[in-house]
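Q: the following block contains a protein sequence and its predicted model.
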Amino acid sequence: MILWSAIAFGGVWIANRFGNLMAGIAVTLLLGIAIVFNVTQLPYPLWFKIVMLSCFPLGCFLGIWTAIQMEGRGSSSAS
């Protein structure tokens, strides 16, 4: 479960750093659709579904927030 959150964090962070905020949001939506499809179609225990659907948004939020923070620090130190 930690790895799934880390993958969501990494994917969203990379999309946000190389693209922009809209790219990060697009990756979040695509991963969100994939994870919902995954937990509804495969026979996971209920606790796993609950934890995954709660850890995923946290990983995506942290990915976007970290990329925005790093972008803000980069632009302020360049001037």
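A: Arrived safely.
Q: helices along the chain, start to end?
A: For the chain, applying DSSP state H gives helices covering 2-18, 21-41, 46-78.
Q: redo the ones you listed as a markdown table? Include mean pLDDT and mean neighbour count.
A: From N, CA and C alone the C-beta is placed, and that goes for glycine too. Converted to a markdown table, the helices of the chain look like this (pLDDT from 0 to 100; neighbours: other C-beta atoms under 10 Å):
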| stretch | mean pLDDT | mean neighbour count |
| --- | --- | --- |
| helix 2-18 | 93 | 17 |
| helix 21-41 | 95 | 15 |
| helix 46-78 | 87 | 14 |
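Q: check contacts around the spatially most central residue of the chain.
A: By C-alpha atoms, centre = their mean, the mean C-alpha position of the chain lies nearest to Cys60, the distance being 2.4 Å. Neighbouring residues of Cys60 by C-beta atoms under 8 Å, 6 or more residues apart in numbering: 8-9, 12, 28, 31-32.
Q: repeat the analysis, applying 6 Å as the threshold.
A: Taking C-beta atoms under 6 Å, 6 or more residues apart in numbering as the contact definition, Cys60 lies against 8, 12, 28.
Q: just these now: which is nearest Leu42?
A: Distance ranking of those against Leu42, using C-beta to C-beta, places Ala8 first at 17.5 Å.
Q: contact partners for the closest residue to that closest one other than its chain neighbours?
A: Counting by C-beta to C-beta, 6 or more residues apart in numbering, Ala8 lies nearest to Gly59, which is 3.7 Å off, once chain neighbours are set aside. Contacts for Gly59 (C-beta under 6 Å, 6+ apart) come out as 5, 8-9.
Q: try it again with 10 Å
A: In this structure, Gly59 makes contact with 2, 4-13, 28, 31, judged by C-beta atoms under 10 Å, 6 or more residues apart in numbering.
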